[in-house]
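Chemist: no FASTA, just this:
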C-alpha cells in the first residue's frame, strides 16, 4: 500500500516538475527573444500608419477585403453613433451601398507601441452621400492592434463624431 502511494506521489511530483520546466522554458525563450530581437519601433510605427491609411481607402471604396485580412476574428468595436459591432457587422457596414464616400482621408495619425500592442489614433475627414444628401463629417478614431505571427491585427476600435466648430473642455 505504501509502495503504491509512494509511486503515485512520485508520478504526480514528476508531472508537476515537467510542467514547471515547460513554463520556465517558455519564459526563458520569451526573455531571449526580447533580448536578441531589438524591434525596430519606427518601422512598426510606419507599418501601423500605412494600415490606417489603407483602412481609409478600403472604407472609401466600400471594400471589406482589407478588414477580412487585418481585423481579428474576435474584433469588437464601437461606431461613432454608439453602435457596437463585431467583425462581420463592421464589414457589412463598410460594404453597405446606403453610404457612398466621395472622399475619406486619415490624418493626424499617432501610434504608440507597447511590446506587441499598438494604439493608433487618427482623424477621419469624410464627404459622404447619405439619403441623397452630401454630408461632411470628422471622426476621431482609436484602433488597438496586436502583433501576431501573421502581422498586426486590429482587435478593438472606438470612433467619435466631432461636432462642427465646438470647443469642449473634455
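Modeler: Yep, it's here. Quick caveat: nothing in here was measured; it's all calculated off a predicted structure. Residues are numbered from 1 along each chain as shown.
Chemist: From now on I want contacts and neighbour counts done on CA atoms only, so please keep to that.
Modeler: Will do.
Chemist: Could you pull out the strands in the chain for me?
Modeler: 71-78, 84-86, 99-114, 117-130, 133-148, 151-161 (DSSP state E).
Chemist: who does the second one touch, helix- and strand-wise?
Modeler: Yep, that's strand 84-86 we're talking about. strand 71-78 (3 or more C-alpha pairs under 8 Å, 6 or more residues apart in numbering; DSSP states H and E).
Chemist: any idea of the mean pLDDT in the strand it packs on?
Modeler: Mean pLDDT, taken over the full extent of strand 71-78, equals 97.
Chemist: That strand pairs with which strands, and in what direction?
Modeler: Next to strand 71-78 in the sheet, as set by DSSP bridges, lie strand 84-86 (antiparallel), strand 151-161 (parallel).
Chemist: quick one, which of those is packed in tightest?
Modeler: When the strands paired with strand 71-78 are scored by mean count of other C-alpha atoms under 10 Å, the highest mean neighbour count falls to strand 151-161 (a mean of 20).
Chemist: So what touches that one?
Modeler: Taking C-alpha atoms under 8 Å, 6 or more residues apart in numbering as the criterion, the residues outside strand 151-161 that touch it are 48, 70-72, 74-81, 137-147.
Chemist: Pull the distance from that strand to the chain's centre.
Modeler: Distance, stretch centre to chain centre, for strand 151-161: 5 Å (C-alpha atoms, centre = their mean, to the nearest Å).
Chemist: one step back: could I get the strands paired with strand 71-78 as JSON lines with distance to residue 61 and mean pLDDT?
Modeler: Formatted as JSON lines, the strands paired with strand 71-78 follow (distance: least, C-alpha to C-alpha, whole Å; pLDDT from 0 to 100):
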{"stretch": "strand 84-86", "distance to residue 61": "20", "mean pLDDT": "97"}
{"stretch": "strand 151-161", "distance to residue 61": "19", "mean pLDDT": "96"}
